[in-house]
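**Student:** Sequence and computational prediction follow.
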Amino acid sequence: GRMYLNQYGEIVKAQWIWLLKQYPYLNCYAFMIMPDHLHTVIEINARYSNGASIKIKSLSELIGAFKMRVSK
């Protein structure tokens, strides 16, 4: 009843956590790494402000950054 990640799954997990830390306006409610894909529930908080003016990336830009890091 438990999924044990192989080395590739661990890479996916590490890069997903990196993405969430890199872009603090993302709220991740859940994620699950499957054998050949990732399921997640995320929210982009367009009202996020930490006192600085930041550009909030689109969903496609965020997923592109994630895929690029996983592939490298």
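**Tutor:** Thanks, I have it.
**Student:** what's the helix or strand for residue 66?
**Tutor:** Assigned by DSSP states H and E, residue 66 falls within helix 59-71.
**Student:** For that helix, buried residues please.
**Tutor:** The neighbour-count check on helix 59-71 (16 or more other CB atoms under 10 Å) flags 62, 65, 66, 69, 70 as buried. For glycine as for every other residue, the C-beta is placed from the backbone atoms N, C-alpha and C.
**Student:** Which residues does stretch 3-17 contact?
**Tutor:** Contacts of stretch 3-17 with the rest of the structure, by CB atoms under 8 Å, 6 or more residues apart in numbering, involve 28, 31, 32, 33, 34, 38, 40, 66, 69, 70.
**Student:** Filter these down to the ones in strands?
**Tutor:** The strands in this structure, assigned by DSSP state E, contain 28, 31, 32, 33, 38, 40 from the contacts of stretch 3-17.
**Student:** Just put those in TSV and tack on distance to residue 2, pLDDT and neighbour count.
**Tutor:** TSV is the format used below for the ones in strands among the contacts of stretch 3-17 (distance: CB to CB, whole Å; pLDDT from 0 to 100; neighbours: other CB atoms under 10 Å):
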residue	distance to residue 2	pLDDT	neighbour count
28	21	96	13
31	16	95	15
32	12	94	10
33	12	94	17
38	17	94	16
40	19	96	16
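**Student:** residue contacts, residue 20?
**Tutor:** Neighbouring residues of residue 20 by CB under 8 Å, 6+ apart: 26, 28.
**Student:** thinking again about what came up before, farthest pair within the ones in strands among the contacts of stretch 3-17?
**Tutor:** Greatest spatial distance in the ones in strands among the contacts of stretch 3-17: 28 and 33, 12.8 Å, computed using CB to CB.
**Student:** so how far is residue 69 from residue 56?
**Tutor:** Noted for residue 56: a distance of 19 Å to residue 69, by CB to CB, to the nearest Å.
**Student:** again with residue 7
**Tutor:** 15 Å.
**Student:** Also residue 9?
**Tutor:** 15 Å.
**Student:** And residue 26, by the same measure?
**Tutor:** Distance of residue 26 to residue 69, computed by CB to CB: 14 Å.
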